[in-house]
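Visitor: prediction below, plus the sequence it came from.
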Amino acid sequence: MNNNALRTGLIVIAAALVIALYASVFTVGQMQQALVLQFGRVRAVLNQTGEDRPGLYFKVPFIENVIIFDKRVLDLDLPVQALLTADRQNLEVDAFARYRIIDPLRFYQAVGNIALANQRLASFTNSSLRNVLARSTRDAIVKTDRTRLMNEIQEDVNRQAKALGVQIVDLRMTRVDLPAQNSTAVYERMKTERKREAADIRANGEQIAATIRARADRDVTVILAEANQKSEQLRGQGDADRNRILAEAFSKDPDFFAFYRSMQAYENGLKGSDTRLVISPNSDFFRYFNDPQGRQPLAGAARGTGDPGNTTGSTTGAAR
C-alpha cells in the first residue's frame, strides 16, 4: 500500500517536473525577437541586436511569460483614398508600405500587437500623403516629381513611426488615377480629339487625292492631245505618201490608173442587190461599160433614135 502511494507520488512529482521544465524553456527563431515579462515588467529583450543569438532560452515558469515579435519586413497595404492636389485636381491614390520592428520594447509599450500597429501606421501614412500631395500638382505627382514626393512621405512617416519602435523601409504609390467620373470625361475628350485628328487627316488625304487626280487627268489630256497630234501627223504623212504613190502610178500608166479607179468606183457605187442610179448612160461613169478601152461614144450613137424614153430605159438597164 505504501509502495503504491510512493509510486504515485513519484509519478506526480515527475509529471510536475516535466511540466515545469516545459514551461521554463522557449526558443527564439532566426527571424524572431522576444520580450521576457515578469509580472508585466520587461526583464529581457532577446535577439534584438547582434549580441543576442537565436536559440533555446529559459524562464521562470508561471512567473515569467514571453512575447514573440517578427523580425522580418512586414506589409502594410493602404486603402485607396481621394486627394486634392495643389492645382485643384482630384486624384485617387493607392499606396503600400513595408516596415520592420526595430525596438520591440517600445513597440510593445506603444501598440502591443501587429494589428494595432498597422492601424497607427496607416493613419500616419494617409495623413502624410494628404499633406505632401496637397502641395504638389498633378503632373508632378504623376510624372515629373514622383520619386522625391515618395521619399518625402517616407521620411515624414518614419519620424512618426519611431514612437512605435518601427522603421519604414519602403513606401510606394502603386496607382495614381483620376476618379471614375473624371476619367470618363477625359476619355470622351480624348476620343473627340482623336476623331478631330482623324477628320483632319482624312480631309488632307482627300485634298491630296484630288490634287493627284487632277494632275492625272491633266496628264491624260496632254498625252491624248499629243497622241492625237502625232496620229494626225502620221495620218497626213500617210495620205501624202499614198497620194504620191498614186501620182507616180498614174504618171507611169494613166489608162490603167483610170481603169483601176473606175473599178473601185463601180465596187463602191453598185453595192447591194437593188442599186438604182439615175444618170445618163453616156456619162463618164459608164465609160468602161460602153467600151472596154474607156473611149467615149459618138454623140449620134449615144443619142440613138432621139427618143427620151428610150434613153431613160437604157440608163436604168445599165444601172441594174
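Guide: On my side now, so go ahead.

Visitor: helix or strand right after the strand or helix carrying residue 192?
Guide: Assigned by DSSP states H and E, residue 192 belongs to helix 180-252. Scanning forward in sequence from helix 180-252 by DSSP H and E, the next helix or strand is helix 254-269.

Visitor: for that next one, name the packing helices and strands.
Guide: Under the contact criterion of 3 or more C-beta pairs under 8 Å, 6 or more residues apart in numbering; DSSP states H and E, helix 254-269 touches helix 180-252, helix 287-290. Heads up, the C-betas are built off the backbone N, CA and C, glycines and all.

Visitor: do you know which of those lies nearest residue 276?
Guide: Residue 276 lies closest, by C-beta to C-beta, to one member of the helices and strands packed on helix 254-269: helix 287-290, at 15.7 Å.

Visitor: residue nearest the centroid of the protein?
Guide: residue 194 (12.3 Å; C-alpha atoms, centre = their mean).

Visitor: before we move on, the earlier item: got the angle between the helix holding residue 192 and helix 254-269?
Guide: With axes from the mean of the first three to the mean of the last three C-alpha atoms, to 10 degrees defining the directions, helix 180-252 sits at 140 degrees from helix 254-269.

Visitor: quick one: the helices in the stretch 51-200 of the chain?
Guide: Secondary structure of the stretch 51-200 of the chain by DSSP state H, counting those that start in this stretch: the helices cover 104-110, 114-133, 138-139, 146-161, 180-252.

Visitor: could you give the angle of the second one to helix 146-161?
Guide: Pointing back at helix 114-133 there. 130 degrees.

Visitor: can you verify my assumption that residue 122 contacts residue 76?
Guide: Yes. With contacts counted by C-beta atoms under 8 Å, residue 122 reaches residue 76, the gap being 6.6 Å.

Visitor: picking up where we left off before, what's the average pLDDT for the helix holding residue 192?
Guide: Average pLDDT, helix 180-252: 87.

Visitor: so that it lines up with my notes, have the first residue be 839 from now on.
Guide: OK, 839 is where the count begins now, so the last one is helix 1018-1090.

Visitor: ok, the closest residue to residue 918 other than its chain neighbours - contacts?
Guide: Closest residue in space to residue 918, ignoring its immediate chain neighbours: residue 932 at 4.7 Å, by C-beta to C-beta, 6 or more residues apart in numbering. By C-beta atoms under 8 Å, 6 or more residues apart in numbering, the residues touching residue 932 are 916, 918, 1011-1014.
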